[in-house]
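Colleague: here are the coordinates; sequence isn't available:
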DNA sequence: CGGCCGACCTGCGGGC
DNA sequence: TGCCCGCAGGTCGGCC
């Protein structure tokens, strides 16, 4: 579910509740994608210094070490009262001096991982190979051009890999390629600089737009306060096969690309 | 090493 | 109604 906008929306709704508070207890449920990597009780007494984001990872910086949180496909963080009974899919809970936050993740592709250091150990393995942050000034058309020139994979696959630009998933890859007029199938190394400039602009515009709308709630994404996102209602192509392209009126098509659904307008996306 | 594919896990909607 | 299949926002590890 959660791509960069949903993770950023989560960060903004969870951060203020956790920052500056002290961990009183930590609890695990069923196994998640990766082991926590420490004894939950060893976290007690540590202070949450800040909540940041790298790609689709949330990073809780503690007075000693860090907790990396990934929402997988179906995860979300929710703020709750510690008296609220666990749901069947609540698999991690952190109670601090001011808040209780739980990871609810039916499919358990998500994870919470402790790492002493962000540049070594478990964290480095998870976030070390991520590409540039798409909403930072580092994300330039030159970065895209340089990466594209070295591979013949499709531009959509390159975006999804995360190794060039972090945090873009299936929704925003489809959306951005549509807005930039680029075919999802186009080999990365065949794209002109001008097209990559448009792609960069499209990515930044769409990610910011979605964050502003609370992210996408395709099925059930809610921010930590339980608020639903609105981006899905204004998606340009994602999930809209058969509907009219807003630019040319022809039917949006869906096809399977690298075992993921791709939505596009065959008429408008010709680069 | 680049690139492809299966695997991980649960829930939901559609077709029969 | 109920079962079975396909599908879903991610990404890692193993293989050629």
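Modeller: Structure's in. What do you need? Please read all numbers here as calculations on a predicted model, not as lab measurements.

Colleague: Could you use CA atoms for every contact and neighbour count after this?
Modeller: Will do.

Colleague: For stretch A:112-122, buried residues please.
Modeller: If you call a residue buried by 16 or more other Cα atoms under 10 Å, then stretch A:112-122 has these buried ones: A:112-116, A:118, A:122.

Colleague: Just the residues you listed: which are in helices?
Modeller: Of the positions in the buried residues of stretch A:112-122, residue A:122 sit in helices, assigned by DSSP state H.

Colleague: ok, residue A:232 touching residue A:214?
Modeller: No: assessed by Cα atoms under 8 Å, residue A:232 is found out of contact with residue A:214, at 10.1 Å.

Colleague: Comparing the two, which shows the higher neighbour count?
Modeller: More crowded of residue A:232 and residue A:214, by other Cα atoms under 10 Å: residue A:214, with 22 against 18.

Colleague: wouldn't that one be in contact with residue A:229 here?
Modeller: Yes: between residue A:214 and residue A:229 a contact is recorded at 4.1 Å, counting by Cα under 8 Å.

Colleague: Pull up the overlap in contacts between these two.
Modeller: Shared contacts of residue A:214 and residue A:229, defined by Cα atoms under 8 Å, 6 or more residues apart in numbering, comprise residue A:223.

Colleague: circling back to that earlier point, dump the buried residues of stretch A:112-122 to a markdown table, plus distance to residue A:67.
Modeller: As requested, these are exported to a markdown table (distance: Cα to Cα, whole Å):
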| residue | distance to residue A:67 |
| --- | --- |
| A:112 | 6 |
| A:113 | 6 |
| A:114 | 5 |
| A:115 | 6 |
| A:116 | 9 |
| A:118 | 10 |
| A:122 | 10 |
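
Colleague: Just give me the closest of the buried residues of stretch A:112-122 to residue A:157.
Modeller: When these are compared for distance to residue A:157 (Cα to Cα), residue A:122 wins out at 25.5 Å.

Colleague: Just the pLDDT at the closest one, thanks.
Modeller: What the model reports for residue A:122 is a pLDDT of 95.

Colleague: wait, isn't it in contact with residue A:128?
Modeller: No: applying Cα under 8 Å, one finds residue A:122 not in contact with residue A:128, separated by 9.5 Å.

Colleague: sorry, back to before: out of the buried residues of stretch A:112-122, which one sits closest to DNA strand C?
Modeller: Among these, residue A:122 lies closest to DNA strand C (Cα to the nearest atom of the strand), at 9.9 Å.

Colleague: ok, now how distant is the nearest residue to the closest one once chain neighbours are set aside from residue A:140?
Modeller: The shortest distance from residue A:122 to any residue that is not its chain neighbour, by Cα to Cα, 6 or more residues apart in numbering, is 5.6 Å, and that residue is residue A:115. With the distance defined as Cα to Cα, to the nearest Å, residue A:115 ends up 30 Å from residue A:140.

Colleague: same thing with residue A:159?
Modeller: Taken as Cα to Cα, the spacing of residue A:159 relative to residue A:140 amounts to 14 Å.

Colleague: Comparing those two, which residue is more hemmed in?
Modeller: Per other Cα under 10 Å, whichever of residue A:159 and residue A:140 has more neighbours is residue A:159, with 26 against 16.

Colleague: Am I right that residue A:145 is in a helix?
Modeller: Yes: counting by DSSP: H, G, I helix; E, B strand; the rest coil, residue A:145 is located in a helix.
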